[in-house]
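Participant: fold the following for me, if possible:
(chains A and B)
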Amino acid sequence: MYEGVLQNLIDELGMLPGVGPKSAQRIAFHLLAAEPADVKRLAHALLEVKDKVRFCRVCGNVAAEEECRICRDTRRDTHVICVVEESKDVVAIEKTREFRGRYHVLGGAISPIDGVGPDDLRIRELMTRLADGRVTELIIATDPNLEGEATATYLARLVKPMGLKVTRLASGLPVGGDLEYADEVTLGRAFEGRRLLDV
Amino acid sequence: MYVAHLSLTDFRSYDTADLGLEPGVTAFVGPNGQGKTNLVEALGYVATQSSHRVATDAPLVRHGAARAIVRCVVVRDDRRALVELEINPGKANRARLNRSPISRARDAVGLLRTVLFAPEDLAMVKGDPSERRRYLDDLLVARTPRFAGVRADYDRVLKQRGALLRTAAQARRGGRSGRRAENDAGFAAAGAGDPLSTLEVWDAHLARYGAELLAARLELVEALRPLVAASYAALAPDSAPAGLVYRGTLPGDAPDAGDGEGAADTGHGADPADRSVLEKRLREALAEVRSAELERGVTLVGPHRDDLFLGLGDLPARGYASHGESWSFALALRLAAYDLLRADGGDPVLILDDVFAELDSRRRRRLAEIVAPAEQVLITAAVPADVPPELAGARFDVTEGSVGRVR
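Facilitator: Below you'll find the predicted structure:
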């Protein structure tokens, strides 16, 4: 244990994801040795991010203004919405440059253990977006784990009466990989989701 | 398959141990508490990455050490493989195969296959249904590793669903006045806002994984039934015939209760293990018990509440079987597992941990005759006289944590 403020800093750092006690200590001592100007800049950035970054009024993605960059972009297809759990999933999909529609960020997945139900996610906002009938396809891109699958099933049931096309991202083998290296669960899923080879 | 070499570092009572083994029979003999079982437990751990004695890994590491290491050379069809496992309690284990790391330690499961008989097996006959479910599921995983994933998924759905049921039960008791009023009309009409609105989703997932597990278990029980009956008859020829019946929580699943003979019909019509039929039936059953589930806050239907009924003639083995009969039944279950695994290819290593002391001389001899042809049999016994003469082979004496070869 260190004294007072230093230990406070270590404790705070240790609460960050992926930072254990050893790393927290290392970062704390790094900051202690750093130039005051550098530390001020970091502190400023931390405060600013809480202050200035907000969430898009439409899709819930992180944004610098009322609406995020993607929702403001008039060239994007307004007929397709891709539903993801977190803003970082938007970034991941954007990197593919495959998808030209818009997003909807739920802010998590249904998980009763963590006390997260549909009310805690931005599902109501999604229903409002779908209400005007302009959207023709909903792509559900929640994580391929149990909670993500449950959220996907829930959404699919909820929007079913609206009569739009609901799709789910495929799960299976990684591209460019070897079949022999796939674990049994992934390979099993890939078998389940096999498709007709159209030639 | 056989183990040609075993070495331990900081495993249980051993700081180090190093022994060469051969195909055929090997006995580890020594007084109680000297570390015989620790040797075979280490091999069992390499095979399944769980211990047959404890549920957590911490006791496997020698007191004061940070980690335990088990190394063994497994020979299969004349090919030698060095399997190394580092046991880190509370953290992920690490595994290496022929000195190269395996990315996930779980993937090392199955490189060595064992069937382990131990005094703890008696709980399969005398203990709670959970012991018998574990027997079935462990065997499923040993035969088809994919089921480790199915079982984990199923357990996770159970937890999530349980949490939801408890929340809903609390909301019921506390009354949920005004909760709905906050929602806008369209959303509320769709049933959201109510904790139960997601219950159907979890029902669907529970039914899906549950049906997969259930179908596999039913198929397994079908395969085991004749093997268990044959092994039991060989061990205890004068006893009533042994029968297995899968007792499901699905309504109409159990045939005539208490009838060990009526085993063949599990009552699902054409194909008892048809997944889509089971899935549908599970969902129907869940709908039926819903109000009781909300009352109690637990999932009442599904493979996690099923049992494997063990019968001797018309009577259940549990409660009616003598000590010797119970032991013979437990052995028959393990022998059947051995038969199945052997039929899949790759003769598993048979481990008999302190089992002969519990049997009379006739059953000893029968068991010895059955296991003698196996490629490798490892036996632990407190005194040399406990090892039947049919199983004379190599012998190690184990005293105070040191292992020495006698012959």
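Participant: with adjacent residues omitted, what lies nearest to the residue nearest the centre of chain A?
Facilitator: With distances taken as C-alpha atoms, centre = their mean, chain A has A:Glu86 as the residue nearest its mean C-alpha position (1.8 Å). With C-beta to C-beta, 6 or more residues apart in numbering or on different chains as the criterion, A:Glu86 has its nearest non-adjacent residue at 6.6 Å, and that residue is A:Val105. Where C-beta positions appear, they are placed from N, C-alpha and C, glycine not excepted.
Participant: same check on A:Ile139?
Facilitator: Spatially, and ignoring its direct neighbours in sequence, A:Ile139 is nearest to A:Cys82 (4.4 Å; C-beta to C-beta, 6+ apart).
Participant: after the helix or strand containing the one you found, next one along is what?
Facilitator: Taking DSSP states H and E as the definition, one finds A:Cys82 inside strand A:80-84. Sequence-wise, the next helix or strand downstream of strand A:80-84 (DSSP H and E) is helix A:87-96.
Participant: let me see the mean pLDDT of stretch B:92-105.
Facilitator: Mean pLDDT, computed over stretch B:92-105, is 89.
Participant: any idea how far the residue nearest to A:Ser171 when sequence neighbours are not counted lies from chain B?
Facilitator: Closest residue in space to A:Ser171, ignoring its immediate chain neighbours: A:Pro144 at 4.5 Å, by C-beta to C-beta, 6+ apart. Applying C-beta to the nearest C-beta, to the nearest Å, the value for A:Pro144 to chain B is 12 Å.
Participant: wait, is A:Pro144 part of a helix?
Facilitator: No: judged by DSSP: H, G, I helix; E, B strand; the rest coil, A:Pro144 forms no part of a helix; its state is coil.
Participant: and it, what's its pLDDT?
Facilitator: At A:Pro144, pLDDT is 89.
Participant: for B:Glu400, give its distance to B:Asp10.
Facilitator: From B:Glu400 across to B:Asp10, the span is 17 Å (C-beta to C-beta, to the nearest Å).
Participant: these two: who's more crowded?
Facilitator: B:Asp10 (20 against 10; other C-beta atoms under 10 Å in any protein chain shown).
Participant: helix or strand for that one, which one?
Facilitator: Under the criterion of DSSP H and E, B:Asp10 resides in strand B:2-11.
Participant: pull the residues that contact the helix or strand that comes right after that strand.
Facilitator: Next along the chain after strand B:2-11, taking DSSP H and E as the criterion, comes strand B:14-20. When contacts are defined by C-beta atoms under 8 Å, 6 or more residues apart in numbering or on different chains, strand B:14-20 is touched by residues B:4-9, B:11, B:35, B:38-39, B:62, B:65, B:396, B:401-403, B:405.
Participant: and those near chain A, which?
Facilitator: The subset of the contacts of strand B:14-20 within reach of chain A, by C-beta under 8 Å from any C-beta of the partner chain, is empty.
Participant: the longest helix anywhere in chain B near chain A at all?
Facilitator: Counting residues, the longest helix in chain B under DSSP state H turns out to be helix B:199-235. Yes: if you take C-beta under 8 Å from any C-beta as the test, helix B:199-235 does meet chain A, through B:200-202, B:204-205.
Participant: which of the residues in that helix are buried?
Facilitator: B:199-218, B:220-225, B:227-232, B:234-235 (16 or more other C-beta atoms under 10 Å in any protein chain shown).
Participant: next SSE downstream of that helix?
Facilitator: As assigned by DSSP H and E, the chain's next helix or strand after helix B:199-235 is strand B:242-247.
Participant: what helix or strand is B:Val398 located in?
Facilitator: Using DSSP H and E, B:Val398 falls in strand B:394-399.
Participant: ok, now B:Gly162?
Facilitator: Using DSSP H and E, B:Gly162 sits in helix B:146-174.
Participant: and that helix, what other elements does it pack with?
Facilitator: Packing contacts for helix B:146-174, counted by 3 or more C-beta pairs under 8 Å, 6 or more residues apart in numbering or on different chains; DSSP states H and E, involve helix A:146-159, helix A:184-192, helix B:129-143, helix B:199-235, helix B:290-296.
Participant: and that helix with helix B:199-235, angle?
Facilitator: 130 degrees (axes from the mean of the first three to the mean of the last three C-alpha atoms, to 10 degrees).
Participant: adjacent strands (with direction) for the strand holding A:Cys82?
Facilitator: strand A:102-105 (parallel), strand A:137-140 (parallel) (DSSP bridges).
Participant: remind me which residues of chain A are low pLDDT?
Facilitator: Of all residues in chain A, none has pLDDT under 70.
Participant: the residue nearest to B:Pro59 when sequence neighbours are not counted and B:Pro316, how far apart?
Facilitator: Distances taken as C-beta to C-beta, 6+ apart put B:Arg12 closest to B:Pro59, at 7.5 Å, once the chain neighbours are dropped. Separation of B:Arg12 from B:Pro316 (C-beta to C-beta): 36 Å.
Participant: give me the more crowded residue out of these two.
Facilitator: Ranked by neighbour count (other C-beta under 10 Å), B:Arg12 and B:Pro316 place B:Arg12 first, with 21 against 17.
Participant: show me what contacts the more buried one?
Facilitator: Neighbours of B:Arg12 in contact, by C-beta under 8 Å, 6+ apart: B:35, B:38, B:41-42, B:59-62, B:68.
Participant: mean pLDDT lowest for which of the helices and strands packed on helix B:146-174?
Facilitator: Minimum mean pLDDT among the helices and strands packed on helix B:146-174: helix A:184-192, a mean of 79.
Participant: how about that helix: buried residues?
Facilitator: So for helix A:184-192, counting by 16+ other C-beta under 10 Å, buried means A:184-190.
Participant: filter those residues down to the ones near chain B?
Facilitator: For chain B, the contacts drawn from these by C-beta under 8 Å from any C-beta are A:184-185, A:187-188.
Participant: sorry, back to before: now do the helix holding B:Gly162 against helix B:129-143, angle only.
Facilitator: Here helix B:146-174 runs at an angle of 140 degrees relative to helix B:129-143 (the same axes, to 10 degrees).
Participant: okay, angle between helix B:146-174 and helix A:184-192 too, please.
Facilitator: 90 degrees.
Participant: ok so, going back, now the residue nearest to B:Pro59: how far from chain A?
Facilitator: Distance from B:Arg12 to chain A, by C-beta to the nearest C-beta: 29 Å.
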